[in-house]
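Asks: Got a predicted structure plus its sequence, pasted below:
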Amino acid sequence: MEEKNLSISRGLSSRRRAYDLGMRALLYSSALLVCALLVLLMGYILFKGIPHLSWQFLSSEESVIKGIEGILPALINTLYVVIATLIIVLPLGVGSAIYLTEYAANKKLVSAIEFATETLSGMPSIIFALVGVMVFCQFMSLGTSLLAGAFSLVMMTLPTIIRTTQESLKTVPQSYREGSLALGGGKWHMVRTVVLPSSVDGIVTGCILAVGRIVGESAVLMFTAGMGMRLAKYGDTPVEFFESLFDSSGATLTVALYNYAKERADFNSAFAVAVVLLVIAFLINIAAKLTGKKLKKR
Amino acid sequence: MCDSHTEKSVIRSEKLNLYYGENHALKDVSLDIPAHRISALIGPSGCGKSTFLKTLNRMNDLVPGVRIEGQVLYKGQDIYGKDVDVTGLRKEIGMVFQKANPFPMSIYDNIAYGPRTHGIRSRARLDEIVERSLRDAAIWDEVKDRLNKSALGLSGGQQQRICIARALAVEPQVLLMDESTSALDPISTSKIEELAMELKNRYTVIMVTHNMQQALRISDYTAFFLLGELVEFGDTQTIFSRPAHKRTEAYITGRFG
């Protein structure tokens, strides 16, 4: 018995064993290097940023006279841009994805559109910024405003939303659709009662990741939403509120970070904003994972 | 052509031709299906039996590039006519698929899906329909304590009976079964065969099967398809003991297929 085992281990020549060992060492060390880099990077940001984080920094508007640094306007602007973009992009994106996967009969057209959305979703965002400036800020005369920024982000995130929604619609087994139609359900009834409920986890996950992209975007917003670091005057009535969104320029967190680092060489504040962004990115990813899992279970 | 003519017919196809693009999948199929009987459609793979079955509730409409000529008359009305409401037709002619396809929802919601689709909202009504359908599909006793559990947690044979119950819940006149036992174990298969024999008292059952023994065991009439043509249709005992055509005999005795 022992001899047999021996002969098996001898089957692997010593050269091959050395090769195997070498490869393993290489793979381990590259994994280790990546982990180390990640830890160093996050550690550096946290180390530099946390000392300058304070409740006042998060909750107040900056004031030169009072000597206060604060990123409340940037937080609010970020929130506004995320909400405004989602309100527009979700119905558009999910709707067209449903049309493309469930209704469109011309397969050639569909694959052309799919190719286009794929290309668009890989496009550098600065191009969307340029188009946004031309179309929304100037042609539609929205000026440099949060609304123009949200519109530009709609353009940027639309291809991604369409693609992720399409991908999750395609995972719904054809047999569900047949089952529903064979019971006399109409097409929209089938989509609403069977297809959407069984793909909602993928759609929601896609949306949350789109929120991540919006929060992380800077180029588009720098061009279209501007660099205002002050609280917009949101007015007292809903109409005034909406109007102020048309003409107030506002920096989101990423743009504020650029402002601090590049325009004012205030690296302490820049790193503090970086910590805030890091935490937000972390929360968004956790949220995407949890909702995906929770909806899947149901 | 066959003695089914003495029976009351429910579906009749006349010179039915079906094309998938260039492929001529059904050729001049004329068939008279008797009411309250089990009719089996047999034939080798690709002979058109499933395609024929799916023309009866217009499920072929979903296939891109499909073209249909001829007529299918359901209770005398051409189902491919202009003013036909396809959803209404599919309510009358239910279908059970080859692979069990319960929706990813509770057992109750699966059965209530059809009635809800057709506008029944009253909880009491739905309760009643769900229980009746599950009893008719001989699965009530196995699932009555877990109606609110997901139907995907059931075994394959149970899932298939859930699908039959789901089809029965909209009170169809005709039940199409597309090789509905081919993915099941022998015990589940015999349960569903028994069920089909029960159901024929109230419904007309048309089943596609690859299993010759099954056709012989439970069907009253058998249609043999080959290369898109209907070779012969008649009383099952006659088809299996004294087939009129050489090719039928060759197939049922296992010489090809």
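Replies: In hand now; what should we look at?
Asks: Now for B:D28, how many residues are close by?
Replies: Neighbour count for B:D28, taken as other CB atoms under 10 Å in any protein chain shown: 14. (Glycine included, C-beta is placed from N, CA and C.)
Asks: OK, contacts around it?
Replies: Contacts of B:D28 were listed using CB atoms under 8 Å, 6 or more residues apart in numbering or on different chains, and they are B:15-17, B:70, B:229.
Asks: With respect to chain A, which of those residues is nearest?
Replies: B:L16 (19.8 Å; CB to the nearest CB).
Asks: Confirm that B:I206 sits in a strand.
Replies: Yes: according to DSSP: H, G, I helix; E, B strand; the rest coil, B:I206 belongs to a strand.
Asks: By neighbour count, which of the contacts of B:D28 wins?
Replies: Compared across those, B:L16 has the highest neighbour count, 24 neighbours, by other CB under 10 Å.
Asks: Which element, helix or strand, includes the residue nearest in space to the middle of chain B?
Replies: Nearest to the mean C-alpha position of chain B, by CA atoms, centre = their mean, lies B:L176 at 1.4 Å. Per DSSP states H and E: B:L176 is located in strand B:174-178.
Asks: go on, A:V215?
Replies: According to DSSP H and E, A:V215 maps onto helix A:196-216.
Asks: Tabulate the CA atom coordinates of that helix in CSV.
Replies: This file holds the C-alpha atoms of helix A:196-216, laid out as CSV (Å, rounded to 0.1, in the frame of the first residue of the first chain):
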residue,chain,number,x,y,z
LEU,A,196,-40.8,42.1,-12.9
PRO,A,197,-41.3,40.4,-9.5
SER,A,198,-38.7,37.7,-10.4
SER,A,199,-36.1,40.2,-11.7
VAL,A,200,-36.6,43.0,-9.2
ASP,A,201,-33.5,42.0,-7.2
GLY,A,202,-31.3,42.6,-10.2
ILE,A,203,-33.0,45.9,-11.1
VAL,A,204,-32.7,47.3,-7.6
THR,A,205,-29.1,46.2,-7.3
GLY,A,206,-28.4,48.0,-10.6
CYS,A,207,-30.0,51.1,-9.4
ILE,A,208,-28.0,51.2,-6.2
LEU,A,209,-24.8,50.8,-8.1
ALA,A,210,-26.0,53.7,-10.4
VAL,A,211,-26.3,55.8,-7.2
GLY,A,212,-22.7,54.9,-6.5
ARG,A,213,-21.7,56.1,-9.9
ILE,A,214,-23.6,59.4,-9.4
VAL,A,215,-22.0,60.0,-6.0
GLY,A,216,-18.6,59.3,-7.5
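Asks: So which elements touch whichever helix or strand comes after it?
Replies: Counting by DSSP H and E, the next helix or strand C-terminal to helix A:196-216 is helix A:219-224. Judged by 3 or more CB pairs under 8 Å, 6 or more residues apart in numbering or on different chains; DSSP states H and E, the packing partners of helix A:219-224 are helix A:125-132, helix A:146-170, helix A:253-258.
Asks: between these, which gets nearest to chain B?
Replies: Judged by CB to the nearest CB, the one of those that comes nearest to chain B is helix A:146-170, at 13.5 Å.
Asks: Report the buried residues of that closest one.
Replies: Across helix A:146-170, burial judged by 16 or more other CB atoms under 10 Å in any protein chain shown covers A:146-166, A:168-169.
Asks: Now do stretch A:160-174: everything it contacts.
Replies: A:89-90, A:92-94, A:96-98, A:100-102, A:114, A:117-118, A:121, A:194-195, A:198-199, A:201-203, A:205-207, A:209-210, A:213, B:101.
Asks: what is the rounded mean pLDDT of that stretch?
Replies: Averaging pLDDT along stretch A:160-174 gives 93.
Asks: Repeat that for stretch B:134-153.
Replies: For stretch B:134-153, the per-residue pLDDT averages 92.
Asks: From the opening residue of it to its closing one, how far?
Replies: With CA to CA, to the nearest Å applied, stretch B:134-153 spans 16 Å between its terminal residues.
Asks: hmm, that stretch in reach of chain A?
Replies: No: Stretch B:134-153 lies apart from chain A when judged by CB under 8 Å from any CB of the partner chain; the minimum separation is 8.9 Å.
Asks: and residue 122, how many residues sit next to it?
Replies: In the absence of a named chain, this looks at chain A. 9.
Asks: sorry, should have said chain B
Replies: B:S122: 10 neighbours (other CB under 10 Å).
Asks: sorry, back to before: which strands or helices does the helix holding A:V215 pack on?
Replies: When contacts are defined as 3+ CB pairs under 8 Å, 6+ apart, helix A:196-216 sits against helix A:72-98, helix A:146-170, helix A:253-258, helix A:267-297.
Asks: cutoff 6 Å now
Replies: For helix A:196-216, the elements it packs on are helix A:72-98, helix A:146-170, helix A:267-297, judged by 3 or more CB pairs under 6 Å, 6 or more residues apart in numbering or on different chains; DSSP states H and E.
Asks: would TSV of these with distance to B:R217 be doable?
Replies: Shown next, in TSV, are these (distance: least, CB to CB, whole Å):
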stretch	distance to B:R217
helix A:72-98	45
helix A:146-170	40
helix A:267-297	42
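Asks: List just the one of those that sits closest to B:E131.
Replies: helix A:267-297 (27.8 Å; CB to CB).
Asks: what's the model's confidence in that closest one, averaged?
Replies: Helix A:267-297 comes out at a mean pLDDT of 87.
Asks: Now for the residue in the stretch 151-257 of chain B positioned nearest to chain A: which residues touch it?
Replies: Chain A sits closest to B:V170 of the stretch 151-257 of chain B, with a gap of 6.0 Å, by CB to the nearest CB. Going by CB atoms under 6 Å, 6 or more residues apart in numbering or on different chains, B:V170 touches A:183, B:91, B:114.
Asks: same deal with A:A272?
Replies: Residues near A:A272 by CB under 6 Å, 6+ apart: A:49, A:52-53.
Asks: what do you get if the cut-off is 7 Å, keeping everything else the same?
Replies: Listed by CB atoms under 7 Å, 6 or more residues apart in numbering or on different chains, the contact partners of A:A272 are A:49, A:52-53, A:57.
Asks: Burial check on the closest residue to it other than its chain neighbours, number of neighbours?
Replies: Counting by CB to CB, 6 or more residues apart in numbering or on different chains, A:A272 lies nearest to A:H52, which is 4.2 Å off, once chain neighbours are set aside. The tally of other residues near A:H52 (other CB under 10 Å) stands at 17.
Asks: what do you get for A:S14?
Replies: For A:S14, the neighbour count with other CB under 10 Å is 8.
Asks: pLDDT wise, what is it at?
Replies: A:S14 carries a pLDDT value of 81.
Asks: follow-up on the earlier one: any of the contacts of stretch A:160-174 buried? List them.
Replies: A:89-90, A:93-94, A:96-98, A:100-102, A:114, A:117, A:121, A:194-195, A:198-199, A:201-203, A:205-207, A:209-210, A:213, B:101.
Asks: can you give me phi and psi for the closest residue in space to A:K107 that isn't next to it in sequence?
Replies: Using CB to CB, 6+ apart and skipping residues adjacent in sequence, the residue nearest A:K107 is B:P64, 7.3 Å away. Main-chain dihedrals, B:P64, degrees, to the nearest 10: phi -70, psi 140.
Asks: Appreciated, that's everything.
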